[in-house]
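Trainee: With the sequence up front, the predicted model follows.
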Amino acid sequence: MKKALLYSLLLLLLGSTGYSQKGKLEKANKQYERLAYKDAIKTYERIVEKGYKSADIVQKLGNAYYFNGEFDQANKWYGELFALNANPEPEYYYRYAQTLKSEGQYDKANEMLTLFAQKNSTDSRAKLFNADKDYLQDIKQNSGRYTIETVGINSRYSDYGASFYGDKIVFASSRDMPGTVRRRAKWTNQSFTNLYVSDTKADGSLSKPKTFKKPVNSKFHESTPVFTKDGKTMYFTRNNYNKGKKGKDGEEVTLLKIYKAEFIKGKWENVTELPFCSDNYSVAHPALSPDGKTLYFASNMAGSLGQSDIFKVGINEDGTFGEPLNLGNTINTEGKETFPFISENNELYFASDGRQGLGGFDIFVSKIGKDGRYQTVYNVGAPVNGPMDDFAFIIDTNTKTGYFSSNRSGGEGYDDIYRLKELTPIKFETKPLIAGKVTGLEDGLPIENAKVIVFDTNFKIIKEAFTDKDGHYELELDKGDTYYVRVEKEGFAMREKMITVDQKTQLTDLPFALKKRSKEDIIVGSDLAKAFQIDVIYFDLNKSNIRPDAAEDLGKIIDLMRAYPKIKIDVRSHTDSRASGIYNLKLSNRRAKATMAYLIEKGISPERITGKGYGETRLLNNCTDGQPCTEAQHQENRRSEFIITAM
């Protein structure tokens, strides 16, 4: 009887403990979903201390710390996640790599980035990593160009986002002022940030900060102001709250908007929301072009490539605004790009965690050309960038003095503002771009998400991009080289063009019009190569072996022949005229036989294939022996045909 009673009590205890943990877990999940990350962390960690651990809990703990910029703790929990062999989504390989960098573990971080690139090869962050695995050396070359020092305005809370305002600076802070009661943000468990202003003294030091007054400061977050040169207009970030009304998105979250205020009779008045803001996405961190005619900002609005992108919008003379324009994949990635700043030298500085850096947010810069395009993006290097979050960079190009914000170790608070002095300007290398629009041949409409591939002369892939919603693409190239540019899109015939870039070329317009594939393209006497618009013959000079890149396009022919099992073809190989007629005839015969053998090897019946080489006997133009012709003209003759003989 006594034993049975003890057993019953044990079951009761275990049951109540399980119920208690379940209740705590539900509470933690609700806190997490409401973005109350600090509260969620406390609840999740109490659950783990009681001996209950799961992949979902450690993943959310890692995220909660990651989103608060506490990378050391995020690293701990992401490490737990991978130790559980949970096979998380590819994004967690990237986040774990970022936290490893914050601990100085760059080798292990690169291992995670390699796995991320394997699992998510189409992500621009993967492509950036694969294209520059020696990024640490590149960053080193740009390092040492600044001196940095702390300024006397930081508190033990969050201070960040300095902006020039005449001979003053204005910044955001979550400090608690004496005699005031401040509400706290659930995300960080700190007070909501307000704007503060400090005078710049003759010796460069800053005066004791004073608060901005209402109606600019409110009971919610204000941050990252920017001022017009006449000091009459300011744009600033605030939670979705104005005139006593708070807006929320569909999940009951109050997001960010940009507001405008006017300086009238010594006071800031007329706080109004900018017209392209919305309750359903965030718009934040405004910056002005030197002429004041363009406003830059960060947002996750429709058309974003990643978690947040940088956009720009024109400011009309009457004070109205144009349509926001995404800066494109030269600047934006699938990660977060934010905190833009445009210098008087027309340089775009911004923070990103989607590009290769030293950890967390790094600060990058791109020169804006006279034609408005964004040139090569550079990491500004150490000591401005470090293992933690570095962001909100501004600089006066006349005095070479500026400020940036960071949550690096050794500061006074959660985020701190640092002063910088530029010793040596960055060396911008202008590289030419190819850019263009991909449209439908029949209707002229833009084709979104078409794949644009650049090959070198050995047909090794060196660059890839995808067209945006307007069909546009842009790719940076090296100078003085010949490239082959291919465009692919499911349901359309592939197109490929050759381009030679010389020293003087800065921007080459290379549009493509893709033909829709249809059954009408496949009739007796038609050329399957033309149906797929395979314009280039992938043989090494004077050789007849099938190269790997040729095999990819021959695979398209094979797929079509499998789809139409009654088709028979005649493989016809042609050369240009730049050798003797006898040699070219023999070479083309070898190439035709090699092509036939490849198709048969891949399962196409020999009865369905015939073939012959024609050498230079069927030229498509006047590029005969002794005639001056371009490489493109010779290429027109150097072709293979796959003529349908029966169906």
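Mentor: Great, that's in hand.
Trainee: List the contacts of F227.
Mentor: Taking C-beta atoms under 8 Å, 6 or more residues apart in numbering, we find F227 in contact with S163, F164, Y165, G166, V170, T233, M234. Where you see a C-beta, it was placed from the backbone N, CA and C, and this is true even at glycine.
Trainee: ok, L84 to E442 distance?
Mentor: Going from L84 to E442 by C-beta to C-beta, to the nearest Å gives 53 Å.
Trainee: where's the dip in pLDDT among the contacts of F227?
Mentor: The lowest pLDDT within these belongs to G166, with 93.
Trainee: neighbours around that one, how many?
Mentor: Around G166 there are 11 other residues, counting by other C-beta atoms under 10 Å.
Trainee: For the residue nearest to K612 when sequence neighbours are not counted, give me phi and psi.
Mentor: Leaving aside its chain neighbours, K612 sits nearest to A592 (5.8 Å; criterion: C-beta to C-beta, 6 or more residues apart in numbering). As for A592, its main-chain torsions (degrees, to the nearest 10) stand at phi -60, psi -40.
Trainee: And for the one 4 residues further on?
Mentor: Main-chain dihedrals, M596, degrees, to the nearest 10: phi -60, psi -40.
Trainee: Kindly report the same for the one 5 residues further on.
Mentor: Here is the backbone geometry of E601 (degrees, to the nearest 10): phi -60, psi -30.
Trainee: next one: E337
Mentor: Note on E337: its backbone torsions stand at phi -110, psi 130 [degrees, to the nearest 10].
Trainee: And it, how close does it get to L327?
Mentor: 8 Å.
Trainee: okay, and the common contacts of these two?
Mentor: With contacts defined as C-beta under 8 Å, 6+ apart, the residues adjacent to both E337 and L327 are D309, I310.
Trainee: The two: which has the busier surroundings?
Mentor: Using other C-beta under 10 Å as the criterion, E337 and L327 rank with E337 on top: 26 against 21.
Trainee: what's the spacing between that one and K463?
Mentor: 20 Å.
Trainee: Now restrict the contacts of F227 to buried residues only.
Mentor: Those of the contacts of F227 that meet the buried threshold are S163, F164, Y165, V170, T233, M234, by 16 or more other C-beta atoms under 10 Å.
Trainee: if we can go back for a sec, next, check the contacts of F227 against the helices and list the overlap.
Mentor: Among the contacts of F227, none falls in helices (DSSP state H).
Trainee: Show me where this structure has its helices.
Mentor: Going by DSSP H, the chain shows helices at 2-33, 37-49, 55-67, 71-83, 90-102, 106-119, 124-131, 135-142, 528-531, 548-563, 581-601, 631-637.
Trainee: For the third one, the averaged confidence score.
Mentor: Rounded to a whole number, the mean pLDDT of helix 55-67 is 92.
Trainee: Tell me which residue lies nearest the centroid of this protein.
Mentor: T333 (0.5 Å; C-alpha atoms, centre = their mean).
Trainee: Before we move on, what's the pLDDT of the nearest residue to it once chain neighbours are set aside?
Mentor: Counting by C-beta to C-beta, 6+ apart, G354 is the residue found nearest to T333 once chain neighbours are left out, at 3.1 Å. For G354, the pLDDT comes out at 95.
Trainee: cool, the one 5 residues further on as well?
Mentor: pLDDT recorded at G359 is 94.
Trainee: Also the one 3 residues further on?
Mentor: What the model reports as pLDDT for D362 is 97.
Trainee: Distance check, the nearest residue to it once chain neighbours are set aside against Q356.
Mentor: Of all residues not flanking D362 in the chain, N385 sits nearest, at 4.5 Å (C-beta to C-beta, 6+ apart). In this view, N385 and Q356 are 11 Å apart by C-beta to C-beta.
Trainee: Compare these two (neighbour count), which wins?
Mentor: N385 (29 against 23).
Trainee: looking at it, that one is touching L358, isn't it?
Mentor: Yes: in terms of C-beta atoms under 8 Å, N385 counts as a neighbour of L358; the distance is 5.1 Å.
Trainee: which residues are common contacts for these two?
Mentor: I139.
Trainee: related to what we said a few turns ago, what residues are shared contacts of N385 and Q356?
Mentor: Counting by C-beta under 8 Å, 6+ apart, the common neighbours of N385 and Q356 are I139, N379.
Trainee: Look up how far A592 lies from the nearest residue to T595 once chain neighbours are set aside.
Mentor: Spatial nearest neighbour of T595, excluding adjacent residues (C-beta to C-beta, 6+ apart): V571 at 5.1 Å. According to C-beta to C-beta, V571 and A592 sit 5 Å apart.
Trainee: Are there residues contacting both of these two? Which ones?
Mentor: Between them, V571 and A592 share these contacting residues under C-beta under 8 Å, 6+ apart: G611, K612, S640.
Trainee: And for the first one, nearest residue in space, chain neighbours not counted?
Mentor: Of all residues beyond its chain neighbours, the one nearest G611 is V571 (3.5 Å), with distances taken as C-beta to C-beta, 6+ apart.
Trainee: How far does stretch 390-400 sit from its chain's centre?
Mentor: Here stretch 390-400 is found 23 Å from its chain centre; the criterion is C-alpha atoms, centre = their mean, to the nearest Å.
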